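Undergrad: sequence and computational prediction follow.
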Amino acid sequence: MKLIKLMVLFASCLCFSLFANEKSDAVVLTTKSSAIKVPTAANSVDTVVTIENGEVWVWGYRNNGMQGNGEFVNAKAPPARASILVDKGVYITQVASGIHHLIALDDQGNVWGWGQNGVYEAGGYKTTPWFLKTPSLVLEGKDVVMINCGEYTSFALTRSGEVYAWGTSFWGQMANGKTGTIPTEVHRIPQSYFHDSPIVLIGAGYESAWAINDRGEVFAWGDEENEQYGHQKLKGGGWGHDLRTYPIQITSLPSGISGEDIATITGGNRYTAFLTSEGEVYAMGAANHLGIGFGYLNATLYEPELYLDDVEGKPYKVRFDSSVPIPQFVMDDVNTLYCRYGGCVAITNENEIFTWGVTLPAHEERSSLWQIMYGYKAMKREIIGNLTKVDGGKEHIVYWNDEGQAFGVGWNNHSKFGNTSFPVFWPGKELKFVTDEMKKVYGKDFVPGQG
């Protein structure tokens, strides 16, 4: 089976196993042999990012410093590498993005940031400018092994199991007991918040974050909307916010599943999702975000029979946007899970793409961005060729095949897919203008999208 590299920017999708470092007792993370390596996780609205040959490629909206070449770049400019990192000889292994900022992890365990920086989400420090056009070192010498971004937040996990955060804490995402728009510099989240145990896996969503420690305990912080962390406070499955300014433990996992069984933890606005090492996907939060049959196909609303007990122990029938505080089974045979704002993408062991998430009524599926990108249940999507890599953003997906072709699906604002109407339906529009630029750099025989 050909390995797929999922190059998506917003939520975490790495699958880890644990072993002891030969030099110390520190927790070390490695991808499982059956898992797909995931170098990126994305939230970007109008910008596409991918990694080729250890170099960051960017196209679409770049008038915020996201190109990484020291300049503001027009969206119609050709796709290009983050040239400053290239000139420095920096080899990138992971990239993550928020709405308008990027962070990147190099092969030395250092973290770089650039793009919009109004709440320090890119540069991490008050000394960095509002628009950081030049990639700047945020964490150096910390031996970082995983990075992630929320909307205006950034997170990093070190080999020793420490979690660092920077950006806004408007919804409590900085895990420092505060809320508000005050920018937050890089800081380490105290280990005591995680029961004094090293963290082995992190995830970040729209306004949320997650972590799992080496004892298999699962934690979440930020905006718990629609009871997406499993803590019931609402009557009748209603809707509401609960700002978690410190990590809280998620205790509502399905029977027989602990954090030790979770390979990926992720989510988005109003939901949490996770992938187990057995390839099963579960989700909780707003019913119409979970891929369990609540939502629209064309103009028809589907609401399957599901009854749960609320905070008072009273049963309620789950409706379209009710809270579902207990993880529900979504699908199996999955080896890679990527989620962001409104829904998820799953890659199966057969290299198929499924999507699900929030939907809105439409005359036909292909005319609705929400139905194109997501689905009221896990929807198998038509693709061209043998899948090798997937990139994504808030409302767009780019997938690659073994012939070196790239195809864009979803929202096409700011020339992400070139000159075409939007939204773009499956199987997508070929992005030859992207692969042509790569061949100009790497040679005419280069096959893009393979790594």
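TA: On my side now, so go ahead.
Undergrad: in the stretch 301-450 of the chain, which spans are helices?
TA: With DSSP state H, counting those that start in this stretch as the definition, the stretch 301-450 of the chain shows helices at residue ranges 369-373, 432-442.
Undergrad: and these, which one's lowest on average pLDDT?
TA: Least confident of these, judged by mean pLDDT, is helix 369-373 with a mean of 94.
Undergrad: what does that helix rub up against?
TA: Residues outside helix 369-373 that contact it (CB atoms under 8 Å, 6 or more residues apart in numbering): 296-298, 342-343, 355, 357-360, 362, 365-366, 395-397, 409-411, 422-426. C-betas here are computed from N, CA, C, even on glycine.
Undergrad: give the contact list for the residue sitting furthest away from the middle of the chain.
TA: Within the chain, the residue lying farthest from the chain centre (CA atoms, centre = their mean) is residue 314, at 34.8 Å. Residues counted as contacts of residue 314 (CB under 8 Å, 6+ apart) are 235, 236.
Undergrad: give me the buried entries from the contacts of helix 369-373.
TA: If you count burial by 16 or more other CB atoms under 10 Å, the buried members of the contacts of helix 369-373 come out as 296-297, 342-343, 355, 357-359, 362, 365, 395-397, 409-411, 422-426.
Undergrad: so which of those residues are in strands?
TA: Counting by DSSP state E, the members of the buried ones among the contacts of helix 369-373 that fall within strands are 296, 297, 343, 355, 357, 396, 397, 409, 410, 424, 425, 426.
Undergrad: any chance of JSON lines for those, columns distance to residue 64?
TA: Formatted as JSON lines, the entries for those read as follows, by distance: CB to CB, whole Å:
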{"residue": "296", "distance to residue 64": "34"}
{"residue": "297", "distance to residue 64": "36"}
{"residue": "343", "distance to residue 64": "25"}
{"residue": "355", "distance to residue 64": "28"}
{"residue": "357", "distance to residue 64": "26"}
{"residue": "396", "distance to residue 64": "17"}
{"residue": "397", "distance to residue 64": "22"}
{"residue": "409", "distance to residue 64": "24"}
{"residue": "410", "distance to residue 64": "20"}
{"residue": "424", "distance to residue 64": "23"}
{"residue": "425", "distance to residue 64": "29"}
{"residue": "426", "distance to residue 64": "29"}
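Undergrad: among those residues, which pair sits farthest apart?
TA: Farthest-apart pair in those is 297 and 396; separation 21.2 Å (CB to CB).
Undergrad: picking that back up, any chance of the ones in strands among the buried ones among the contacts of helix 369-373 in JSON lines with pLDDT and distance to residue 385 as columns?
TA: JSON lines is the format used below for those (pLDDT from 0 to 100; distance: CB to CB, whole Å):
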{"residue": "296", "pLDDT": "97", "distance to residue 385": "30"}
{"residue": "297", "pLDDT": "97", "distance to residue 385": "27"}
{"residue": "343", "pLDDT": "96", "distance to residue 385": "24"}
{"residue": "355", "pLDDT": "98", "distance to residue 385": "18"}
{"residue": "357", "pLDDT": "98", "distance to residue 385": "25"}
{"residue": "396", "pLDDT": "95", "distance to residue 385": "19"}
{"residue": "397", "pLDDT": "95", "distance to residue 385": "15"}
{"residue": "409", "pLDDT": "96", "distance to residue 385": "14"}
{"residue": "410", "pLDDT": "95", "distance to residue 385": "19"}
{"residue": "424", "pLDDT": "95", "distance to residue 385": "17"}
{"residue": "425", "pLDDT": "95", "distance to residue 385": "17"}
{"residue": "426", "pLDDT": "98", "distance to residue 385": "13"}
